[in-house]
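> Coordinates for the following, if possible.
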Amino acid sequence: MTNKKLAGIWIDTEKAVIAKNHDAQNTSDFFLCKPIKAEIQHGNSSENAGNNAERTNRNRFFKEIEHLLTNTEEVFITGPGTVQEELKHYLLDTAQFRDLKITLDVSQQMTDEKVLEDVRRHFNA
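Okay, here's the model as predicted:
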C-alpha cells in the first residue's frame, strides 16, 4: 500500500465520480466519494447569456471536484469527450494543483463500482 495520496475521476458533462485513497490526513484503501452532479442550464434569453451560464456552471462543477482533491498528489481522470482535458487545465491553472501529476484516459459510461475498480487498477492498488 502506497502512502501517496491518490485520486481517480470518471467525468462527463453531467456528473463526476471520484475514488480516492485518503482523507485530509491519512491514506487508506480506495473509496468512493459522493458523486458530483453538474448543473445544466436550460432556456436562456440569448446565446451569450447561455454561454456565460454554462461557463459559470462548469466552473462551479470543477470547484466542487477540486474541493475533494485537496492534498491529492496524483490524479487519474477518465470519461467520454473532452471534459477531462478541461478539468486537467482547470486544475493546473489553480495554484494549489500546479504541480499535480495528472493522467488522462478515455472511457465510456461506467458504474460507480467499475470506476473504483479502474482507479485501483490504474494505481496498482
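> Could you pull out the strands in the chain for me?
In chain order, the chain shows strands spanning 6-11, 15-22, 27-32, 36-37, 74-78, 101-104, with DSSP state E as the criterion.
> Can you lay out the ones you listed as TSV showing mean neighbour count and mean pLDDT?
From N, CA and C alone the C-beta is placed, and that goes for glycine too. Formatted as TSV, those follow (neighbours: other Cβ atoms under 10 Å; pLDDT from 0 to 100):
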stretch	mean neighbour count	mean pLDDT
strand 6-11	25	97
strand 15-22	22	96
strand 27-32	14	92
strand 36-37	16	96
strand 74-78	21	98
strand 101-104	14	97
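> Same list (those strands) but as CSV, adding distance to Thr111.
CSV is the format used below for the strands of the chain (distance: least, Cβ to Cβ, whole Å):
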stretch, distance to Thr111
strand 6-11, 10
strand 15-22, 9
strand 27-32, 11
strand 36-37, 16
strand 74-78, 14
strand 101-104, 21
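> So which elements touch the longest helix seen in the chain?
For the chain, the helix reaching the highest residue count under DSSP state H is reported as helix 47-68. Helices and strands touching helix 47-68, as assessed by 3 or more Cβ pairs under 8 Å, 6 or more residues apart in numbering; DSSP states H and E, comprise strand 6-11, strand 15-22, strand 36-37, helix 83-92.
> Pick out the least confidently modelled helix or strand of the chain, by mean pLDDT.
None of the helices or strands of the chain scores lower by mean pLDDT, DSSP states H and E than helix 47-68, at a mean of 88.
> beta partners of the residue nearest to the spatial centre of the chain?
Nearest to the mean C-alpha position of the chain, counting by Cα atoms, centre = their mean, stands Ile9 at 4.3 Å. Under the criterion DSSP bridges, Ile9 forms beta bridges with Ile18, Ile77.
> on that earlier part again, mind listing residues that contact the least confident helix or strand of the chain?
Taking contacts as Cβ atoms under 8 Å, 6 or more residues apart in numbering, the residues outside helix 47-68 that touch it are 7, 9, 11, 16, 18, 20, 33, 36, 38-41, 44, 86-87, 90-91, 94, 96-97.
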